[in-house]
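Enquirer: Build me a model:
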Amino acid sequence: MTIAWNDSVPIYRQLHQRVVAMILDGALNEGDPLPSVRQVAADYQINPLTVSKAYQELVDEQLVEKRRGLGMFVIEGARDALLKSERERFLREEWPALHARLQRLGLDLKTLMREADSHQEPSA
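Expert: Numbering: from 1, shown residues only. Below is the predicted model of the structure:
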């Protein structure tokens, strides 16, 4: 987990967002353990309570579970639940402004897809 902290967002929120991104990206799969609170705190030189707060939010959102004496684990269905909620959030919060900007710039879907395809790296 590589993190560059941003001063405008609390560290526990940034850590929470990073774990969410790792689940969405497949870096953490269902059943995988999260790094221990102590390990994350030591690696990033942050307070263990900060890590605990981020992890507790993940538990509250039913993305990870505590297993007594074993640690925190990504629960079954976490990625699907995140995909659903992140898609809904994107369509509700980000898409309207993005769509308006695309219209102002006169960009259509065909042009965007052509640009995206031309910037993809060839697979090995």
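Enquirer: Mind jotting down where the strands sit in this protein?
Expert: In the chain, the strands defined using DSSP state E lie at 64-67, 71-74.
Enquirer: Buried deepest among these, which one?
Expert: Greatest average neighbour count among those goes to strand 71-74 (a mean of 19), per mean count of other Cβ atoms under 10 Å. All C-beta atoms are positioned from the backbone trio N, CA, C, and that covers glycine.
Enquirer: now that one: mean pLDDT?
Expert: Regarding strand 71-74, the rounded mean pLDDT is 96.
Enquirer: shift numbering so it begins at 48
Expert: Sure, I'll start counting at 48 from here, so that last one is strand 118-121.
Enquirer: Enumerate the positions of the biggest helix by length in the chain that are buried.
Expert: Secondary structure of the chain per DSSP state H: the longest helix is helix 58-72. By neighbour count on 16 or more other Cβ atoms under 10 Å, the buried set for helix 58-72 is 58, 59, 61, 62, 63, 65, 66, 67, 69, 70.
Enquirer: can you check stretch 146-158 too?
Expert: Neighbour counts over stretch 146-158 (16+ other Cβ under 10 Å) mark no residue as buried.
Enquirer: Please save the CA atoms from that stretch in PDB.
Expert: This file holds the C-alpha atoms of stretch 146-158, laid out as PDB (Å, rounded to 0.1, in the frame of the first residue of the first chain):
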ATOM      1  CA  HIS A 146     -21.500  15.600 -19.100                       C
ATOM      2  CA  ALA A 147     -22.100  19.300 -19.100                       C
ATOM      3  CA  ARG A 148     -18.400  20.000 -19.800                       C
ATOM      4  CA  LEU A 149     -18.300  17.400 -22.600                       C
ATOM      5  CA  GLN A 150     -21.300  19.100 -24.200                       C
ATOM      6  CA  ARG A 151     -19.700  22.500 -23.900                       C
ATOM      7  CA  LEU A 152     -16.600  21.200 -25.600                       C
ATOM      8  CA  GLY A 153     -18.600  19.400 -28.300                       C
ATOM      9  CA  LEU A 154     -17.200  16.000 -27.500                       C
ATOM     10  CA  ASP A 155     -19.200  12.900 -28.300                       C
ATOM     11  CA  LEU A 156     -18.900   9.300 -27.200                       C
ATOM     12  CA  LYS A 157     -17.300   8.200 -30.400                       C
ATOM     13  CA  THR A 158     -14.600  10.800 -30.100                       C
END
